[in-house]
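Participant: Below are the sequence and a predicted model for it; my questions follow.
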Amino acid sequence: MKTDLIVIGAGPAGSMAAINSKCDAILIDQRPEIGVPKQCAEGVSESLFEKIGVKPKKEWISKEIKATYMIPPSGIQIKLDDKKVKKAKFGFVLNRKDFDKGLAEIAANTGAELMPKTRFIRAERTERGVKVYAKQFNKTIEIEGKILIACDGVQSRAAKSFGLDTTLPLRYIESCYQYEMTDIEVESAVELYFGRVYAPGGYAWVFPKGENSANVGVGIVPSLAEKRAKDYLDDFLKQKRLKGGKIVEINAGAVPVSPPMKKTYANNLMVCGDAARMVNPLTGGGIHTACISGSIAGKIATKAIEKEDYSEKFLSEYQKLWRNEFGRELEYYGKAQEVFIKLTDAELDKIAESLLEIKLEEISTMEVLKAILKMNPKLLWKLKSLVV
Ligand SMILES: Cc1cc2nc3c(=O)[nH]c(=O)nc-3n(C[C@H](O)[C@H](O)[C@H](O)COP(=O)(O)OP(=O)(O)OC[C@H]3O[C@@H](n4cnc5c(N)ncnc54)[C@H](O)[C@@H]3O)c2cc1C
């Protein structure tokens, strides 16, 4: 089988790469059904669709969000809503099963050959470019192309085939456990619970999906924790407002909360999304960055194929462009996360108290960080140099 571009992984990064490529492309994914199972709390900011130039379908969005609650161990609630946030656009809770499948459908409809249930095994460089060996229904198939885009998520193997260092130290792996629950009370608001009591190194969340359903989960840094993520989640469910809720789906997964890979390109290769560790380490959010990096890689691949230049020098433009888009932000958030995970529950309570009268221009991680700094110059002096 021959093509120009081979994309590994039809998550948001891979499908956006295929959508943005204007060349012959094959998009493979190991899953028999794209988007299933979901391993995500599905929260995205309001700007996502505009930024990636894709019109969302109705079924991609489970819930429009109108407020955010931040809840420290003391239990006080910092409510951010249109009274506290000037440009009150809070984003959405997606339906990732439909969103991921929908993006893959757009990729297929714009010309990419989509191959579900096709598992990447390894790749090698050839005179023409690259050769991928994959397993499809117990049969090994070979795909030859000129460029490979690795979008195979946190457990990426594709980039390693070409010699890039994809090692993810244990301390940078956030372990997540989530139940999709029904028969619970929800508002059109996301709830974020901070503190070691809920989730050491991360947070617990309730992200509403429907009238009475939500993704309820925890993300923890295992090296800071005393028990498994599932145990923290089961304890979290004991609180009154979640009692009686019924579990309809169980999801587990890992989030790479490290800085992005230092080098995300090589001859014939670009690496995107979780595979390149492009996640906001403070929130664990990576859909936005996966979509943007995938889009950029798809465009650069098209240019490279037009110019018949698949060298790492040419493809280095990819890294320049994604860094311009979100590289600096990820750097700040990474440094901030190093500070936050060391805070005690008492310190988090104090910060939360200082935020009771918070007013924001808009809702974003950066705006909230700035507000915390303003209210807690002593406690968070370490963060001061990070936020400009
Ligand atoms: C519990 C949890 C909650 C999260 N909540 C949020 C959230 O609320 N908001 C947010 O923005 N982010 C969230 N994230 C992170 C988000 O899910 C990821 O950052 C995002 O999915 C990254 O997209 P991606 O395309 O890079 O990788 P993925 O979405 O992981 O896609 C990778 C694709 O590659 C395929 N693949 C892997 N290996 C192979 C192989 N060998 N051969 C073929 N195919 C392969 C997989 O099947 C998959 O389809 C969460 C993550 C977890 C685990």
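Facilitator: Right, received. Where do you want to start? Numbers count the residues shown, from 1 in each chain.
Participant: The residue lying closest to E329 once chain neighbours are set aside is in what secondary structure piece?
Facilitator: Closest residue to E329 apart from its sequence neighbours, by C-beta to C-beta, 6 or more residues apart in numbering: M366 at 6.9 Å. The way it works is simple: take the backbone N, C-alpha and C, and place the C-beta from them, glycine included. Assigned by DSSP states H and E, M366 belongs to helix 365-375.
Participant: Would you mind confirming that the residue nearest to E329 is in contact with A336?
Facilitator: No. Applying C-beta atoms under 8 Å as the test, M366 and A336 come out as separate, 9.7 Å apart.
Participant: thinking again about what came up before, would you mind stating the distance between the residue nearest to E329 and R157?
Facilitator: Counting by C-beta to C-beta, to the nearest Å, the separation of M366 from R157 is 33 Å.
Participant: What is the neighbour count of the residue nearest to E329?
Facilitator: Close neighbours of M366, defined as other C-beta atoms under 10 Å, add up to 15.
Participant: I'd like to know how far the nearest residue to V368 once chain neighbours are set aside sits from the ligand.
Facilitator: Distances taken as C-beta to C-beta, 6+ apart place L360 nearest to V368, at 7.1 Å, with adjacent residues excluded. According to C-beta to the nearest ligand atom, to the nearest Å, L360 stands 20 Å off from the ligand.
Participant: Let me see the contact set for L360.
Facilitator: Residues near L360 by C-beta atoms under 8 Å, 6 or more residues apart in numbering: L80, K84, V85, K86, E367, V368, A371.
Participant: Check those and tell me the two furthest apart.
Facilitator: Taking C-beta to C-beta as the measure, those span a maximum distance of 13.8 Å, between K86 and V368.
Participant: what does the model give K117 for pLDDT?
Facilitator: pLDDT recorded at K117 is 98.
Participant: Need phi/psi at it.
Facilitator: The phi/psi pair for K117 (degrees, to the nearest 10) reads phi 50, psi 40.
Participant: Number of residues surrounding it?
Facilitator: K117, neighbours per other C-beta under 10 Å, totals 13.
Participant: cool, and V190?
Facilitator: Applying other C-beta under 10 Å, I find that V190 has 25 neighbouring residues.
Participant: can you confirm it is in a strand?
Facilitator: Yes. Judged by DSSP: H, G, I helix; E, B strand; the rest coil, V190 forms part of a strand.
Participant: so what's it up against?
Facilitator: V190 touches G43, I65, A67, T68, Y69, F90, V93, W205, V206, F207, P208, counting by C-beta under 8 Å, 6+ apart.
Participant: Spatially nearest residue to the closest residue to the ligand within the stretch 51-200 of the chain, not counting backbone neighbours?
Facilitator: Per C-beta to the nearest ligand atom, G153 is where the stretch 51-200 of the chain lies closest to the ligand, at 2.9 Å. Excluding the flanking residues, the one nearest G153 by C-beta to C-beta, 6+ apart is D274, at 4.7 Å.
Participant: Look up how far G294 lies from that neighbour.
Facilitator: Counting by C-beta to C-beta - D274 and G294 are separated by 11 Å.
Participant: thinking again about what came up before, so which of the contacts of L360 is surrounded by the most neighbours?
Facilitator: Neighbour max across those (other C-beta under 10 Å) = L80, 23 neighbours.
Participant: still on that earlier bit, tell me the confidence at the residue nearest to E329?
Facilitator: You'll see M366 listed with a pLDDT of 82.
Participant: what do you get for I106?
Facilitator: 98.
Participant: Return the distance of it relative to L114.
Facilitator: 10 Å.
Participant: With E64 instead?
Facilitator: 30 Å.
Participant: which of the two has more neighbours?
Facilitator: L114 (21 against 13).
Participant: and that one, that's in a strand?
Facilitator: Yes. The assignment for L114 by three-state DSSP puts it in a strand.
Participant: The chain - how does it break down into domains?
Facilitator: 5-41+96-166+261-337, 44-94+170-256 (automatic domain parsing).
Participant: Now do the strands in the stretch 101-250 of the chain.
Facilitator: Taking DSSP state E, counting those that start in this stretch as the test, the strands found in the stretch 101-250 of the chain are 113-115, 118-125, 130-136, 139-145, 147-150, 173-182, 189-194, 203-208, 213-220, 246-256.
Participant: Sheet partners, orientation included, of the second one?
Facilitator: The reference is to strand 118-125. strand 130-136 (antiparallel) (DSSP bridges).
Participant: Right, I'll leave it there.
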